[in-house]
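Undergrad: The following comprises the amino acid sequence and a computationally predicted model.
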Amino acid sequence: MVTLTLILRRALLLIITILVIFPMFYLVVVSLTPLGEIFQPRFHLIPSYFTFEHYSTVLYEGNIAFFRNFMNSLTITVVTTIITTIVSVTGGYSLARCDYKGREIIALGILAVYIVPSILLAIPMFSIMRLFGLIDNRIGVILAHLTLTLPFCLWILRNYFLAIPKNLEESALIDGSTRFRALWSIILPLSKPAIVTTVFYSFIVSWCDYLYAFALTTKEEVRTLPVGLSFIVGQETGYMGGPMMAYAVLTTIPTVIIFLVLQRNMIKGLTAGAVKG
Amino acid sequence: MFENAVLKGEDLMQHISSGKLMQWRKTFSIENSSARFGLVLLSPSIIILGLVIIYPILEMLKIAVTKNNLLKINDKGFAGIDNFIWVLGNGSFWNAMLNTLILTVFSVFIQIILGLLLAVFLTENFKGRGIFRSMIILPWAVPTVVTAYVWVWLYLPKYGFVNLFLEELGFHASNIVWLGEPKLALLSLIVTHAWKGLPIVFLVLLADLQTIPNELYEAAKVDGANGWQSFRYITFGSIKSGIALIALLRAIWTFNWFDMVWLMTAGGPGESTMTLPVLIYKIGFNSYRLDRAAALSLVMFAILMIFGSIYVRANAQAERS
C-alpha cells in the first residue's frame, strides 16, 4: 500500500544515499576528466569525454613514484597481516582455552590497550624508534601497525573461540591427539569467519594508516601510498587535480574490493566485537 | 553369584563418580592442559604488545616528567609536573579542547540521527535494499587520506563542487572558502567527519534493530498504536542503550582522531580548527617539545576517561529508571 509516508521515506532515503555516495562518485569522475576541463569556474560534473591520462601520469611519471609507494604499502601491510593473524589466533586460543593464572587480567588488559589512542602512542614511539634506529625503516612501521591491529583481533578471536563448545577438542584429546593438532585440525576450520575478519581488518587498517607511516618516516624511499598522496598534494601548485584523484582511486581500490566482497562477514565480526567490547 | 556381580557393579559406579577415575579423566580435559602450553601460545602476543604498547606508554610517562627539548639536547632533566602546568595554563590547549568537543559532539550527533534514519528505512524489506546497504558502507571503505583530499577538493572556493552547486542554485557562493574562514572551517570538518563515520553507526544500529522481535510491533498495532508511537516506544525504546553505546564509541574515536583534521586544515586557519590530537602532533613533531606533547597526551587521555565514565554512569542510571 503506497502511502504518503512511504513515499516520503523512500525519497529521504534516496536523498541521503545520494549525498553519501556522491563524493566517491565525484572522485572517480574527476580522475577521468581531461585536464583542461577540471578547473572550470562553472557548474559541471560529467566531462565531455573520459580520459585515462591522469592514470598514465600517476603510474609512469617519475616523481610520483607510485609503484615504489605501492610496494612499500604492500610489504608493510602483508607482513603486518601475517603477524597479526598468527599471533591473534595463538593468543586468542590460549586466552580462551588454556588455564593459567592471570588469564582474565590479561584479557582485560588487551581491551584496555585497545582504548589507547594512536596519537598518544606516536610520541613515545617516535622517541623509541629513534633510539633503535628504526626511523625510515619498514620494520618500525610494521611494529607500529601491530598496535592498531593486535588488540582488536586478539579480542575478536578470543571471543570467537570461547563460543566454540569444548567437547569437540576434548574428544580429540581423549583419542590421543596433541593439543596443537586439536587446534589445527578442529578449531581452525571452524573459525574461518573470524579469521577472515582478522585478516581483512588488519589489511585495511594497515593499508589506510597515515599517522604512523607519516610520523615514523622522513625519506621518500619508504613512503606508503597514503603518505605519498599527501606529498603529491603539497607539491607544485597546490592541488594537482587529475593525477591526485587518479592516485587516490588506485589507493582506494583494494579496500573497496575487500569491503564489497566481504560485507556480510565483516559486519558479523565487527558488530560482535563492538557489542561485546 | 548374581548378588556379587550387582554389588561389584555398584562399587564400580561409586568408584567412577568419586575419585580416581575422575582424576584420571581430568588429565585429558582442556581445563588441566598444561598451562605451559597456553603460556607458550600466548607469549608472542604478550611480547609484541609489551614491546609496542606497554613500553611506549611507560616511556611516555617518563618523557612527560622530564624536560626534553630536542632542539636543545643538553637541556634535560627531571621536571616533575612542570609540563602539566604548562599545558593547563596554555591558551592553545583550552582552544583545542573546545574545538575537539564541538567537533566530536556535533559530528557524532549527525551520525546517530542519519544512521538511525537509514537503519530504520533499510530494515523494511523492499527490492534493491541490498544495493542501498552496500552503497552506504562505502565511506568506510575509503582510506582517510583519500576522504580528506576529496572533501578539500569539494570545499575549494572557486572550483569546488559545493560552491559550484550553490551557484547553480542561485546563491552567490563562489567566494565562500569553506576551509579558510575561521567560522566555517570547523563546521566543514564536522560534516566530513560525520560522513566518514556514518557507515559504522548505520551498520551497528541496523544490527540492533534486527534484534527487535516482530511480535512487539504486532501487539502494538492490536492495541491501536500508530506508526509514530510504535517507533517511539518500541523501536527507539529497544535500542536506546545500543545507540548510547555506539555514540560513546564514535565519540572516543572522533576525539582521538588525528589524520582527518591534520590533512584537511592542519588546525588552521589560525587555530580555529585545532584539535587536541593535531596540537599534540604540532608540539611534539614540529616544535620538538616531546615532553610537553607527552604531558598533553596524558591530560587528553585523562579527560577522555573522565568524560567516558561520567557518560557510562549516566547511561547506567538512565537504564535503571
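TA: That came through fine. On a predicted model such as this, the values are computed, not experimentally measured, just so you know.
Undergrad: Return the backbone torsion pair for B:Ile176.
TA: Main-chain dihedrals, B:Ile176, degrees, to the nearest 10: phi -80, psi 120.
Undergrad: Quickly note the distance from it to B:Leu156.
TA: Noted for B:Ile176: a distance of 10 Å to B:Leu156, by Cβ to Cβ, to the nearest Å. Yep, even glycine has a C-beta here, placed from its N, CA and C like the rest.
Undergrad: can you give me the mean pLDDT across the strand or helix carrying A:Ala246?
TA: Mapping A:Ala246 onto the secondary structure by DSSP states H and E places it in helix A:241-276. Regarding helix A:241-276, the rounded mean pLDDT is 75.
Undergrad: tell me which element the residue of chain B found nearest chain A falls in.
TA: Nearest to chain A, among the residues of chain B, is B:Gly38, at 2.3 Å (Cβ to the nearest Cβ). Assigned by DSSP H and E, B:Gly38 belongs to helix B:35-49.
Undergrad: Show the contacting residues for the residue nearest the centre of chain A.
TA: In chain A, the centroid-proximal residue (Cα atoms, centre = their mean) is A:Ile204; its distance is 1.5 Å. Going by Cβ atoms under 8 Å, 6 or more residues apart in numbering or on different chains, A:Ile204 touches A:255, A:258-259, B:141.
Undergrad: How about the closest residue to chain B within the stretch 1-150 of chain A: what's its closest non-neighbour residue?
TA: With Cβ to the nearest Cβ as the measure, A:Cys98 is the residue of the stretch 1-150 of chain A nearest to chain B, at 2.3 Å. Taking Cβ to Cβ, 6 or more residues apart in numbering or on different chains, and ignoring the residues beside it in sequence, A:Cys98 has B:Gly38 as its nearest neighbour in space, at 2.3 Å.
Undergrad: what residues are up against that neighbour?
TA: For B:Gly38, the contacting residues are A:94, A:97-100, A:103, taking Cβ under 8 Å, 6+ apart as the criterion.
Undergrad: out of those, which are buried?
TA: Among these, the ones that count as buried by 16 or more other Cβ atoms under 10 Å in any protein chain shown are A:94, A:97-98, A:103.
Undergrad: wait, isn't A:Ala107 in contact with A:Arg158?
TA: Yes. With contact defined as Cβ atoms under 8 Å, A:Ala107 counts as touching A:Arg158 (6.4 Å).
Undergrad: Compare these two (neighbour count), which wins?
TA: Between A:Ala107 and A:Arg158, counting by other Cβ atoms under 10 Å in any protein chain shown, A:Arg158 is the more crowded of the two (23 against 19).
Undergrad: Work out for me the element that one sits within.
TA: helix A:138-162.
Undergrad: Return the list of helices and strands in contact with that helix.
TA: Where contact means 3 or more Cβ pairs under 8 Å, 6 or more residues apart in numbering or on different chains; DSSP states H and E, helix A:138-162 is packed against helix A:66-97, helix A:103-115, helix A:118-131, helix A:192-208, helix A:211-215, helix A:241-276, helix B:35-49.
Undergrad: for the stretch 1-150 of chain A, what are the low-confidence residue spans?
TA: Within the stretch 1-150 of chain A, the ranges that satisfy pLDDT under 70 run A:1.
Undergrad: Kindly recompute the last result at 80.
TA: Confidence mapping of the stretch 1-150 of chain A against pLDDT under 80 gives the ranges A:1-2, A:36-37, A:39-44, A:61-64, A:97-102, A:115.
Undergrad: Excluding chain neighbours, what is closest to residue 144?
TA: Since no chain was named, I'll use chain A. Taking Cβ to Cβ, 6+ apart, and ignoring the residues beside it in sequence, A:Ala144 has A:Tyr212 as its nearest neighbour in space, at 3.8 Å.
Undergrad: Not quite, go with chain B.
TA: When the adjacent residues along the chain are set aside, B:Thr144 lies closest to B:Asp259, with 4.4 Å between them (Cβ to Cβ, 6+ apart).
Undergrad: Same question for A:Val87.
TA: The shortest distance from A:Val87 to any non-neighbouring residue, by Cβ to Cβ, 6+ apart, is to B:Pro44 (4.7 Å).
Undergrad: Distance-wise, check that neighbour relative to A:Ser191.
TA: For B:Pro44, the distance to A:Ser191 (Cβ to Cβ) stands at 18 Å.
Undergrad: Same question for A:Thr5.
TA: A:Thr5 is 44 Å from A:Ser191, where distance means Cβ to Cβ.
Undergrad: Same drill for these two, tell me which one is more crowded.
TA: A:Ser191 (21 against 10).
Undergrad: what's near enough to touch that one?
TA: By Cβ under 8 Å, 6+ apart, the contact set of A:Ser191 is A:89, A:157, A:160-161, A:164.
Undergrad: Among those residues, which one is most surrounded by other residues?
TA: Neighbour counts for the contacts of A:Ser191, by other Cβ under 10 Å, peak at A:Leu157, which reaches 26 neighbours.
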